[in-house]
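Chemist: Predicted structure and sequence below. I'll ask about it afterward.
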Amino acid sequence: MLAILAVLLLAANFAVGLWVGDFNGAAQEKRAAQIRMIELDRANKQARRQPSPEYEQARRQVEAADARFQVPRGRMTVHMLLGAGGALVAILVNSITITYFVGTSRWCKEVCDTYRLPADLAERSTRLKRSTFPWAVMGVLAVILVVGLGAAADPSGANFHRSAHFVMPHYIASMLMLLVIAGSFWVQINRIADNYAVIEEILAEVKRVRSSE
């Protein structure tokens, strides 16, 4: 259920990202208008004259650009918050998988040693753990990659002058990494099911040994 929730959150956030619109374009338009107004204001002050008609026009352009900027800005806030939530849930699911296999593989080994059960049972759990860890780590790295590209594409950050160049990489990575994360979860779910079957076999063997004592 957690894996499904994580995938749904990430997919929903991908759709929200498309809904945002040209956030970079609106931010650049607003910044250009502000720079123009500041330059005219500085020129007026240096000449010690009243605000010129060009300055008043620039001020109105700033107000208009700011009004156009507010719509994608609000949508971007939703995109960032939903993305943070989806990223945290996705990392949580991968962390749960890692914690689960660390605990259960050790439990399998200790029980097999205590009851002198076939070593293959514990080895099967260890093999499942080792083959699952790369998928869990890959899921975490996929989340980090998408979040990092999203931050680089944000024009309100320190990367303003180059943020537009990261919009398309963020978009493509979001599509691909969503598939990678979903595939990673699918592998983890199946490996956990296989490990659960191993645990059931061990419990059956323990029950047999106890009943024969």
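Modeler: Looks like it came in fine. The shown structure was predicted, so the numbers you read here are calculated from the model rather than taken from an experiment.
Chemist: Tell me which helix or strand comes right after the helix or strand of the chain with the lowest mean pLDDT.
Modeler: When each helix and strand of the chain is scored by mean pLDDT, DSSP states H and E, helix 23-47 comes last, with a mean of 85. As assigned by DSSP states H and E, the chain's next helix or strand after helix 23-47 is helix 53-115.
Chemist: Return the distance of T114 relative to S212.
Modeler: 15 Å (C-beta to C-beta, to the nearest Å). Where you see a C-beta, it was placed from the backbone N, CA and C, and this is true even at glycine.
Chemist: Between these two, which has more neighbouring residues?
Modeler: T114 (10 against 6; other C-beta atoms under 10 Å).
Chemist: Need the per-residue pLDDT for the more buried one.
Modeler: Note on T114: pLDDT of 91.
Chemist: how much space between it and C108?
Modeler: 11 Å.
Chemist: List the contacts of the least confident helix or strand of the chain.
Modeler: 50-52, 54-55, 58-59, 61-62, 64-66, 68-69, 71-73, 75-76, 153, 155-156, 160, 163-164, 167 (C-beta atoms under 8 Å, 6 or more residues apart in numbering).
Chemist: Show me the shaky parts of the chain.
Modeler: 213 (pLDDT under 70).
Chemist: Buried residues, the least confident helix or strand of the chain. List them.
Modeler: 23-24, 26-31, 33-34, 36-37, 40 (16 or more other C-beta atoms under 10 Å).
Chemist: What of stretch 129-141?
Modeler: 129, 132-133, 135-136, 138-140.
Chemist: Kindly indicate which of those lies nearest E200.
Modeler: Taking C-beta to C-beta as the measure, E200 lies nearest K129 of those, at 16.8 Å.
Chemist: That closest one reaches V102, doesn't it?
Modeler: Yes. Between K129 and V102 there is a contact under C-beta atoms under 8 Å: 7.4 Å.
Chemist: Quick check: phi and psi at D22.
Modeler: phi -80, psi 80 (degrees, to the nearest 10).
Chemist: Oops, could you answer that again for Q50 instead?
Modeler: phi -70, psi 160.
Chemist: I would like the residues contacting stretch 186-201, please.
Modeler: 3, 93-94, 97, 100-101, 104-105, 107-108, 121, 124-125, 128-129, 131-132, 135-136, 139.
Chemist: In PyMOL, select just the buried ones from the residues you listed.
Modeler: In PyMOL syntax, the buried subset of the contacts of stretch 186-201 is picked out as below (16+ other C-beta under 10 Å):
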select buried, resi 3+93+94+97+100+101+104+105+108+121+124+125+128+129+132+135+136+139
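Chemist: Next, F166: secondary structure please.
Modeler: helix (DSSP: H, G, I helix; E, B strand; the rest coil).
Chemist: And stretch 7-25, what's buried?
Modeler: 7, 9-10, 13-14, 16-17, 20, 23-24.
Chemist: starting at the chain centroid, how far to stretch 157-177?
Modeler: 14 Å (C-alpha atoms, centre = their mean, to the nearest Å).
Chemist: start to end distance for that stretch?
Modeler: 23 Å (C-alpha to C-alpha, to the nearest Å).
Chemist: start the count at 32, not 1, going forward
Modeler: Got it, first residue is 32 now, which makes that one stretch 188-208.
Chemist: Any buried residues in that stretch, and which?
Modeler: So for stretch 188-208, counting by 16+ other C-beta under 10 Å, buried means 194-195, 197-198, 201-202, 204-205, 208.
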